[in-house]
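>>> Got a predicted model here, sequence first, then my questions.
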Amino acid sequence: PILPPMRLLGELSDLGLVRRAARAVATELSAIGFNLNFAPILDVDSNPDNPVIGDRAFGRDPRTVMRNAVAFLQGLQEKNVLACGKHFPGHGDTDTDSHVELPIVRRSRGALEATELRPFRALAAETPAVMTAHIVYPQIDPQHPATLSRRVLHDILRWEWGYDGVVITDALMMKAKRASALSYSSALSSKNTH
């Protein structure tokens, strides 16, 4: 089924509708043999210049995102389809598209906790899988994008939060991932030559 943008569902404040929409998607996925959906988006659309999240997010307020994401997750699970929250630890404050280049989110850890991280933390116990973001968060790890960051994935997600679900990377052919791998490789090369 073709759903309206998640932003529109979030603005309607009808959690029953969000749950029914997720059930409809899950019914179709199950019919063709899928038991996992890379949804819901847990990103908070906190940057109006964001070229890629926009109306894919449930809203600009973390509480709106959390409420609607829970309803969507429940709707999927009612039809035996697992959910995957994305893009950890948050793609909402970027002003570049990670499909095209490597974004950097320069917010402090406190600001990330208040906005970007809130939905992920709130739903960690209920979300069977989390998809990582190809984004650098210098206040957490200045050297690696989240997808490659032990500080993000192990220290925060696994150790601090106790998350024991599946961690899935965003698409590996995205240019942000390639750019980060190349810069990481050249950094290693220069260390090895000195």
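Good, I have the coordinates.

>>> Could I get the contacting residues of the closest residue to residue 60 other than its chain neighbours?
Nearest non-adjacent residue to residue 60, counting by CB to CB, 6 or more residues apart in numbering: residue 45, 5.0 Å away. Placement of C-beta: from N, CA and C, glycine included. Residue 45 makes contact with 7, 53-55, 57, 59-60, 92, according to CB atoms under 8 Å, 6 or more residues apart in numbering.

>>> Can you give me the distance of residue 45 to residue 63?
Counting by CB to CB, to the nearest Å, the gap from residue 45 to residue 63 is 13 Å.

>>> Next: residue 147.
27 Å.

>>> Who has more neighbours out of those two?
It is residue 147, of residue 147 and residue 63, that has more neighbours when counted by other CB atoms under 10 Å, with 25 against 12.

>>> Pretty sure that one sits against residue 131.
No: taking contacts as CB atoms under 8 Å, residue 147 lies outside contact range of residue 131: 9.3 Å.

>>> and for the two, which residues touch both?
Counting by CB under 8 Å, 6+ apart, the common neighbours of residue 147 and residue 131 are 169-170.

>>> thought residue 142 was touching residue 136?
Yes: using CB under 8 Å, residue 142 makes contact with residue 136 at a distance of 7.2 Å.

>>> Tell me which of the two has more neighbours.
More neighbours surround residue 136 than the other of residue 142 and residue 136, with 23 against 11 (other CB under 10 Å).

>>> Please give me every residue in contact with that one.
102-105, 142, 144-146, 180.

>>> Who are the packing partners of the longest strand anywhere in the chain?
With secondary structure taken from DSSP state E, the chain has its longest strand at strand 82-88. Helices and strands touching strand 82-88, by 3 or more CB pairs under 8 Å, 6 or more residues apart in numbering; DSSP states H and E, are strand 36-37, helix 62-78, helix 117-123, strand 129-132, strand 166-168.

>>> do that again at 6 Å, thanks
strand 129-132 (3 or more CB pairs under 6 Å, 6 or more residues apart in numbering; DSSP states H and E).

>>> what's the strand it packs on packed up against?
Applying 3+ CB pairs under 6 Å, 6+ apart, we find strand 129-132 packed against strand 82-88, strand 166-168.

>>> So which of the ones you listed has the densest surroundings on average?
strand 82-88 (a mean of 25; mean count of other CB atoms under 10 Å).
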